[in-house]
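> need coordinates for the following:
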Amino acid sequence: MIIFREEKFGGILFDTETMSYKFIESLSCEESAKIGRMIPAFPGCERRDIVSAPIQVYIELTKKCNLNCRHCFTGAAESDSEGEPAGVWISILDELHSIGVINVRFTGGEPTVKTGWHEILSHAKKLGFAVSLQTNGVYADADDTVKKIAGLALDQVTVSLDGIGRTHDELRGRGAFEKLMASMKLMKAAGIKLRFNTILTKANSAEMPQIFDIVKEYGTAVNLFYMRSLGKGAGNSKISLDFIEHAESAKRALELWKKYPEIHVSHSGFYSPKPARERNPEFPDVSFPYGNIAISISSDAGYWPHHYSIYQGENFRLGKYPHDRVIDVWRFSKKLDGFRRWLLSLRERCEKCIEYRDRCSGINFEMEIEKLSGRSASNPFCVNSAPASQPLEYLED
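Numbers count the residues shown, from 1 in each chain. Coordinates of the predicted model:
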């Protein structure tokens, strides 16, 4: 389905099949015929540098998790709190719907261990959102959980696949790979087409051909990411790829894409040939999503520029439900505007680097935060020696 939301510059077309969007100045007859849902722009926004409301919102439904992954940037564990009750999330979804948010993405922790998770996602679907679920695929009752997921008719279900057999288990726990494969077989039988997330490491980067074989059989897309040295991942930096290894893995992924052209492949080392801001100067500058087309809501109902910043310091917190409205934070938060300005300063630094759009796709903002905070000695995915501006310079209220 195609969803269209009005904006001052024209509007946003969101494709629920690919979970992608584009800005347009006006609707063509062909585009109008394909639209399944129209959303008016939420009134009252005079700014032209941002879209009228977030396009998508990442919802950390719970920090509680049934696995104890070595590389988890959230540090999620079974002992963690479930977070806000289902009724709070239903109220938040009602608010997001009222301001014209298009896409809600449920993450964790593991969302399916949250009490009331099915009720929450069902409500999101009833409101007309494009809904995606990120899950580890390991369930106490796989038959029941997969049946519930299938019944929701979600627009996207993403599972984490971090290697083959033992490689996956060494990161996520003994038996995790076998349980994931069993769940995927049930999902395939139920007609669920999967998207895969793979955190690249020194061990699994050599297993990309086998990973692509699995993606072809069970899904439509794979996203290959560098490992964030946050949470538990901060203590396992030795298994992470370095800058050169990551660039080489991007080349191998491109070669595999040629072999599997039906699979959509994303890699954090890929880049688009032309920045979004160059396409039309009338469109807001959203060449990166953080705080520009998306925000995140943590399990305690706090608002953040991105789901990594939740774990990088209280100074990134933008507000909290129900004390603050999402739309007010989006349009009037000086802290969020500061975050946006800081990202622009990082981009300007990137664009002066000889590696930019060669072996590097640009900003690793969360690793710059770790380096500048002193929690990490360096950003392993950046070889730019030019000094970077401090985020705190921009985040003062």
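> distance between stretch 42-54 and the chain's centre?
A distance of 22 Å separates the centroid of the chain from that of stretch 42-54, by C-alpha atoms, centre = their mean, to the nearest Å.
> my bad, stretch 39-53
A distance of 23 Å separates the centroid of the chain from that of stretch 39-53, by C-alpha atoms, centre = their mean.
> distance between the ends of it?
End-to-end span of stretch 39-53 (C-alpha to C-alpha, to the nearest Å): 11 Å.
> which of the residues in that stretch are buried?
Buried residues in stretch 39-53, defined by neighbour count with 16 or more other C-beta atoms under 10 Å: 39, 41-42, 45, 50-53. Heads up, the C-betas are built off the backbone N, CA and C, glycines and all.
> could you list which of the residues you listed belong to strands?
residue 39 (DSSP state E).
> which two from the buried residues of stretch 39-53 end up farthest apart in space?
For the buried residues of stretch 39-53, the farthest-apart pair by C-beta to C-beta is 39 and 50; their separation is 16.5 Å.
> tell me the SS of the residue nearest the centre of the chain?
The chain has residue 58 as the residue nearest its centroid, 6.9 Å off, counting by C-alpha atoms, centre = their mean. Here residue 58 is strand, with the state taken from DSSP: H, G, I helix; E, B strand; the rest coil.
> which residue is the nearest non-sequential neighbour of it?
residue 296 (4.1 Å; C-beta to C-beta, 6 or more residues apart in numbering).
> tell me the average confidence for the one helix or strand that neighbour maps to?
Per DSSP states H and E, residue 296 falls inside strand 294-297. The average of the pLDDT scores along strand 294-297 is 96.
> how about it as CSV, C-alpha atoms only?
Output in CSV follows, covering the C-alpha atoms of strand 294-297 (Å, rounded to 0.1, in the frame of the first residue of the first chain):
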residue,chain,number,x,y,z
ALA,A,294,12.4,9.9,13.0
ILE,A,295,12.6,9.9,16.8
SER,A,296,12.7,7.1,19.3
ILE,A,297,10.6,6.3,22.4
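> what's the following helix or strand after that strand?
According to DSSP H and E, the helix or strand after strand 294-297 is strand 302-304.
> let me see the mean pLDDT of that following strand.
Strand 302-304 comes out at a mean pLDDT of 97.
> can you give the distance of the next helix or strand after it from its chain's centre?
Counting by DSSP H and E, the element after strand 302-304 in chain order, helix or strand, is strand 319-320. Its chain's average C-alpha position is 20 Å from that of strand 319-320, according to C-alpha atoms, centre = their mean.
> and for stretch 195-209?
That offset, for stretch 195-209, works out to 18 Å (C-alpha atoms, centre = their mean).
> list the buried residues of it.
195-201, 203-205, 207-208.
> distance to residue 330 and pLDDT added to the buried residues of stretch 39-53, as a markdown table?
Formatted as a markdown table, the buried residues of stretch 39-53 follow (distance: C-beta to C-beta, whole Å; pLDDT from 0 to 100):
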| residue | distance to residue 330 | pLDDT |
| --- | --- | --- |
| 39 | 15 | 96 |
| 41 | 13 | 89 |
| 42 | 9 | 91 |
| 45 | 9 | 86 |
| 50 | 7 | 93 |
| 51 | 9 | 94 |
| 52 | 9 | 95 |
| 53 | 6 | 96 |
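> what's the burial count for residue 188?
By the criterion of other C-beta atoms under 10 Å, residue 188 has 15 neighbours.
> which residues touch it?
Residues in contact with residue 188, defined by C-beta atoms under 8 Å, 6 or more residues apart in numbering, are 217-218.
> A helix includes it, no?
Yes - counting by three-state DSSP, residue 188 is located in a helix.
> for residue 260, see how far away it is.
17 Å (C-beta to C-beta, to the nearest Å).
> using the three-state scheme, assign residue 106.
Per three-state DSSP, residue 106 ends up strand.
> give the contact list for residue 320.
Here residue 320 is in contact with 300-303 (criterion: C-beta under 8 Å, 6+ apart).
> out of those, who's the most crowded?
residue 303 leads those on contacts (other C-beta under 10 Å) with 25 neighbours.
> beta partners for that residue?
residue 297, residue 319 (DSSP bridges).
> would you agree it is in contact with residue 317?
Yes - assessed by C-beta atoms under 8 Å, residue 303 is found in contact with residue 317 at 7.1 Å.
> which stretches of this protein form strands?
Using DSSP E, strands in the chain cover 2-7, 10-15, 20-24, 35-39, 56-60, 103-107, 130-135, 156-160, 194-199, 219-225, 264-267, 294-297, 302-304, 319-320.
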